[in-house]
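# Sequence and computational prediction follow.
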Amino acid sequence: QVQLVESGGGLVQPGGSLRLSCAASGFAIRVYTMRWYRQAPGKERELVLSINSAGTSTNYLDSVKGRFTISRDNAKNTLYLQMNDLKPEDTARYYCNAYLDILRREYWGQGTQVTVSS
């Protein structure tokens, strides 16, 4: 059974850090482009960062540059998102996504909530 399970979310004060994990099962992430999306209440889901099978990352949001880092551990079949200097506007549900273009195959996790508040 294919699954992506996010973890690591929670309540954090402004300026704090969190590390999100996305554990995959039922398939090997090593050939997939992995992505982190987020969706804030009342807003559309937006792409935050991606990392391809070669390990090259792409940042899609200027607001997280220099603060968020995406990484992957293919041996552990896990994707990570390190978030530093968190701001209230980072409050959202964060989703893990796996995409394999050649087969048009895509998987989503259920998301993990991140709330940044004092």
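That came through, no problem.

# How many residues are close by Val2?
10 (other Cβ atoms under 10 Å). For glycine as for every other residue, the C-beta is placed from the backbone atoms N, C-alpha and C.

# Per-residue pLDDT of the residue lying closest to it once chain neighbours are set aside, please?
In this structure, Val2 finds its nearest non-sequential neighbour in Gly26, 3.8 Å apart by Cβ to Cβ, 6 or more residues apart in numbering. Per-residue pLDDT puts Gly26 at 97.

# How many neighbouring residues does Gly26 have?
Using other Cβ under 10 Å, Gly26 has 10 other residues around it.

# Kindly report the same for Ser21.
Neighbours of Ser21 (other Cβ under 10 Å): 17.

# show me what contacts it?
By Cβ atoms under 8 Å, 6 or more residues apart in numbering, Ser21 lies in contact with Glu6, Ser7, Gly8, Thr78, Leu79, Tyr80.

# Ok, Asp85 next?
Gly15, Ser17, Arg67.

# For the chain, which segments count as helices?
Along the chain, no stretch is classed among the helices by DSSP state H.

# mind listing the strands for the protein?
Shown for the chain, the strands assigned by DSSP state E span residues 3-7, 10-12, 18-25, 33-39, 46-51, 57-59, 68-73, 78-83, 92-100, 105-108, 112-116.

# center of the chain, which residue is that?
Centrality entry for the chain: nearest residue to the mean C-alpha point is Trp36, 2.9 Å, by Cα atoms, centre = their mean.

# I am assuming it contacts Leu49, so please confirm or correct that.
Yes: the pair Trp36 and Leu49 passes the contact test of Cβ atoms under 8 Å, sitting 5.1 Å apart.
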